[in-house]
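In: Predicted model follows, preceded by the sequence.
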Amino acid sequence: MPDVIRLTIVTECPEEALARTLQCATTNAPSWVRVVSDPEDILKIPNGAKCIAVWFSSRKRMSQAELAWRERRLMDGIAGLADDDWQKLETWIARRRISAAKDIPEKIEDIPQTITPKPEIRNLVQSQRWT
């Protein structure tokens, strides 16, 4: 039986979003994460889903995925990540980092130590633009 989806990442570039947020590739992403980039699928995200959005396009030329995300958020029902959710993600990343350290120890310093957002934005539905 497949794992329950506990996190939905909304993006126009799934490979880059997974690399930047969970520090993994699409081939070894956890089964409890769903990455959505198709505008129709974004509009169908169920109410109560915990989501973060990660964007790489410019603000002037938003992708169709980002436009769909804005529309979906207007429908309400999307949940942001709570502090304990961010802590669980950091713990998961740290465990992967420890196992990766055995294989490539020289690159571990390049991995960000924390992904938890600043306190003033923690309870918001997260959307981040990487340039």
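Out: Alright, I've got the coordinates.
In: Please enumerate the strands of this protein.
Out: Here the chain has its strands, by DSSP state E, at 7-11, 33-36, 51-55, 126-129.
In: can you redo those strands as CSV with distance to I93?
Out: Just so you know, the C-beta spots here come from the backbone N, C-alpha and C atoms, and that holds for glycine as well. Below are those laid out as CSV (distance: least, C-beta to C-beta, whole Å):
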stretch, distance to I93
strand 7-11, 12
strand 33-36, 12
strand 51-55, 14
strand 126-129, 16
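In: Nearest to K44, out of those strands?
Out: The minimum distance between K44 and those falls on strand 33-36, with 8.7 Å, by C-beta to C-beta.
In: picking up where we left off before, and the strands of the chain, which one averages the lowest pLDDT?
Out: Mean pLDDT across the strands of the chain is lowest at strand 126-129; the value there is a mean of 63.
In: Now do the helices for the chain: every range, in order, please.
Out: Here the chain has its helices, by DSSP state H, at 14-21, 39-43, 64-74, 83-101.
In: Put together TSV for those, with mean neighbour count and distance to V33 on each row.
Out: Listed next are the helices of the chain as TSV, based on neighbours: other C-beta atoms under 10 Å; distance: least, C-beta to C-beta, whole Å:
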stretch	mean neighbour count	distance to V33
helix 14-21	18	8
helix 39-43	16	14
helix 64-74	17	17
helix 83-101	14	10
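In: Output those helices in a markdown table, with mean pLDDT and distance to T8 appended to each entry.
Out: Putting those into a markdown table (pLDDT from 0 to 100; distance: least, C-beta to C-beta, whole Å) gives the following:
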| stretch | mean pLDDT | distance to T8 |
| --- | --- | --- |
| helix 14-21 | 93 | 11 |
| helix 39-43 | 97 | 9 |
| helix 64-74 | 95 | 11 |
| helix 83-101 | 83 | 12 |
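In: want to throw those into JSON lines with distance to S57?
Out: Formatted as JSON lines, these follow (distance: least, C-beta to C-beta, whole Å):
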{"stretch": "helix 14-21", "distance to S57": "11"}
{"stretch": "helix 39-43", "distance to S57": "13"}
{"stretch": "helix 64-74", "distance to S57": "7"}
{"stretch": "helix 83-101", "distance to S57": "24"}
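In: V54: which of these is closest?
Out: helix 14-21 (4.2 Å).
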